[in-house]
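Peer 1: the following comprises the amino acid sequence and a computationally predicted model.
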Amino acid sequence: MKIGVVGLGYIGSVTAAVLASARNKVVGIEIDKTRLDSFKSGEPPIYEPGLKEILSKNKKNIKFSSDFSELDGSDVVFLTVPTPTVNGKIDLQYIFSAAESVQKAVTDAVVVIKSTVVPGTAKEVHKRTGLTIVSNPEFTREGTAIEDTRRPNRVIIGATDKKAVDIVDRVWAFTKAPVIKTTNENAEMIKYASNAFLATKISFINEIANLCERIPGCDVEVIAKGMGLDQRIAPYFLKAGIGFGGSCFPKDTAALASFARENGETMSIIESAIKVNDERLERVLKLLKEGAGGSLVHKKVGILGVTFKENTDDVRGSQIVKLIKMLRAETATVGFYDPKAKIELDGVYRFPTKERCVEDSDIVLVATEWPEFKNLKITNKPVVDAKRILNPRNFKSFKAVGLYT
Ligand code: UGA
């Protein structure tokens, strides 16, 4: 098929690459010139494991452009543009403007909304443009996005037009995943409900972690393991830590809560999950203060990892970046090491290696699950593990979320 992908962020670029590797002819549309040039030169502007390689291997099947008229003749066009929240409410302007540009460029392509949008959006886009809209949310995680796109747990296809549903079904047939064909609104809601549920699972275990820190003999890691072996609970998304960050969970939980309020309902569980998450930073700050002997005033805090999770360069919605601001307000001096983070922070030194970061700090905080941090051994200064990846036996002074010490 000829497939267009509009918006080459983390999701769009992976969607384009995977569909090109599934032997489709793909046109990736990106309006930011610098980003576009990076894709054209074979150096994607984002780090996602395997992305550069798969793009280079399939370059004959993929073309990058800022010109929407290149979409002419497409069977399917995916919209993978951002849907940010403004004051906690979803902002759909990029969806509407991308759909309008696509409408001018194509004759009878099926347009697929892959971005996360509140229920009713597909209908509204159809009303504004007359386009046939299919809702096909994605469930990929940054860091494992290629594998998640190639082998998803399920494919959700929401639309009223049967022919359009069949085309999108054919696009993803190579994944061999179970398919649910439903209404646009159900598809849109499945995405929000899934992200909100996963975020709630994280806040739930983080709240158990808070209690564990007060009860001698308790360790949230062991508790999560014991819970996760129950097949009804499952072990995933039960890792206590610094709270969920990134470009999805914080914005999607806020957007769903606000969408619910507009529709006369209060999502108490989701609102509590957001509150518990917001409080994570104070909790980690408290552990750091305790680890530093009561105060962080003029202390040098070395942070290992600032991305919102491991295996990405993405710092959007990173809890750690927020924590750094709080630490500086405490007059601590902050330095960090991260193997990939795309960030520069005013007044915060970036160390070239983890060893230097540890050496030049009074106290060390491990804040992202990068594999290279797992075997750390530090015996001459306090260490706080905000991601529960370290072996407590490798440290003399050790504090961790969810561990009584
Ligand atoms: C999330 C969802 O997992 C994907 O299914 C979804 O497609 C995506 O959002 C999206 O809507 O686009 P992502 O944000 O890339 O994916 O990353 P996750 O692996 O879900 O992690 C989100 C945050 O939760 C990270 O800060 C991570 O460190 C944290 N987390 C995750 C925990 O604190 N504990 C866990 O057990 C799992």
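Peer 2: Done, it's in.
Peer 1: only C-alpha atoms from now on, for both contacts and neighbour counts.
Peer 2: Fine.
Peer 1: quick one: low-confidence residue ranges for this protein.
Peer 2: Across the chain, nothing is flagged by pLDDT under 70.
Peer 1: do that again at 90, thanks
Peer 2: Low-confidence segments of the chain, defined by pLDDT under 90: 88, 107.
Peer 1: interface residues of the stretch 201-350 of the chain facing the ligand?
Peer 2: The stretch 201-350 of the chain comes close to the ligand at residues 202, 236-241, 243-246, 248-249, 308-309, as judged by Cα under 6 Å from any ligand atom.
Peer 1: which members of the residues you listed occur in helices, if any?
Peer 2: Those of those mapping onto helices are 202, 249, per DSSP state H.
Peer 1: now restrict the residues of the stretch 201-350 of the chain next to the ligand to buried residues only.
Peer 2: 202, 237-241, 243-246, 248-249, 308-309 (16 or more other Cα atoms under 10 Å).
Peer 1: residue 78 versus residue 65, what's the distance?
Peer 2: Residue 65 is 15 Å from residue 78, where distance means Cα to Cα, to the nearest Å.
Peer 1: those two: which has the busier surroundings?
Peer 2: The neighbour count for residue 65 versus residue 78, taken as other Cα atoms under 10 Å, is higher for residue 78 (26 against 20).
Peer 1: so what's the more buried one bridging to?
Peer 2: residue 5, residue 112 (DSSP bridges).
Peer 1: for it, give me its contacts.
Peer 2: 3-6, 111-114 (Cα atoms under 8 Å, 6 or more residues apart in numbering).
Peer 1: most surrounded residue in these?
Peer 2: For those, the largest number of neighbours (other Cα under 10 Å) sits with residue 4, at 33 neighbours.
Peer 1: surely it meets residue 76?
Peer 2: Yes: with contacts counted by Cα atoms under 8 Å, residue 4 reaches residue 76, the gap being 6.3 Å.
Peer 1: for residue 25, see how far away the closest residue to the ligand within the stretch 201-350 of the chain is.
Peer 2: Ranked by Cα to the nearest ligand atom, the top residue of the stretch 201-350 of the chain for proximity to the ligand is residue 237, at 3.0 Å. Shown here: residue 237 relative to residue 25, a distance of 36 Å by Cα to Cα.
Peer 1: same deal with residue 379?
Peer 2: 56 Å.
Peer 1: surely residue 390 is in contact with residue 371?
Peer 2: No: the pair residue 390 / residue 371 is not scored as a contact, 10.4 Å apart, by Cα under 8 Å.
Peer 1: those two: who's more crowded?
Peer 2: Between residue 390 and residue 371, counting by other Cα under 10 Å, residue 390 is the more crowded of the two (21 against 10).
Peer 1: distance of the closest residue to the more buried one other than its chain neighbours relative to the ligand?
Peer 2: Nearest residue to residue 390, sequence neighbours excluded (Cα to Cα, 6 or more residues apart in numbering): residue 374, at 5.5 Å. According to Cα to the nearest ligand atom, to the nearest Å, residue 374 stands 15 Å off from the ligand.
Peer 1: again with residue 113
Peer 2: Distance of residue 113 to the ligand, computed by Cα to the nearest ligand atom: 13 Å.
Peer 1: all further residue positions should be reported with the first residue as 353.
Peer 2: All right, first residue 353 from here; so that's residue 465.
Peer 1: okay but that residue is in contact with residue 483, surely?
Peer 2: No: contact criterion Cα under 8 Å: residue 465 and residue 483 do not qualify, at 11.4 Å.
Peer 1: correct me if wrong: residue 459 contacts residue 425.
Peer 2: Yes: the pair residue 459 / residue 425 is scored as a contact, 7.1 Å apart, by Cα under 8 Å.
Peer 1: domain ranges for this structure?
Peer 2: Domains of the chain are assigned by automatic domain parsing as 354-534, 564-752.
Peer 1: looking at those, which is closest to residue 543?
Peer 2: Nearest of the domains of the chain to residue 543, taken as Cα to Cα: domain 354-534 at 6.1 Å.
Peer 1: which ones are touching residue 599?
Peer 2: Contacts of residue 599 (Cα under 8 Å, 6+ apart): 668-669.
Peer 1: once you drop chain neighbours, what's closest to residue 675?
Peer 2: Nearest residue to residue 675, sequence neighbours excluded (Cα to Cα, 6+ apart): residue 633, at 6.0 Å.
Peer 1: now swap in residue 714 and tell me
Peer 2: Leaving aside its sequence neighbours, residue 714 sits nearest to residue 652 (Cα to Cα, 6+ apart; 5.0 Å).
Peer 1: following element in sequence after the host helix or strand of residue 391, please.
Peer 2: For residue 391, the enclosing helix or strand under DSSP states H and E is helix 385-392. Next helix or strand after helix 385-392 toward the C-terminus (DSSP H and E): helix 403-409.
Peer 1: that following helix: which residues count as buried?
Peer 2: For helix 403-409, using 16+ other Cα under 10 Å, the buried residues are 403-404, 406-408.
Peer 1: what's the answer for stretch 460-479, then?
Peer 2: For stretch 460-479, burial by neighbour count (16+ other Cα under 10 Å) applies to 461-471, 473-475, 477-478.
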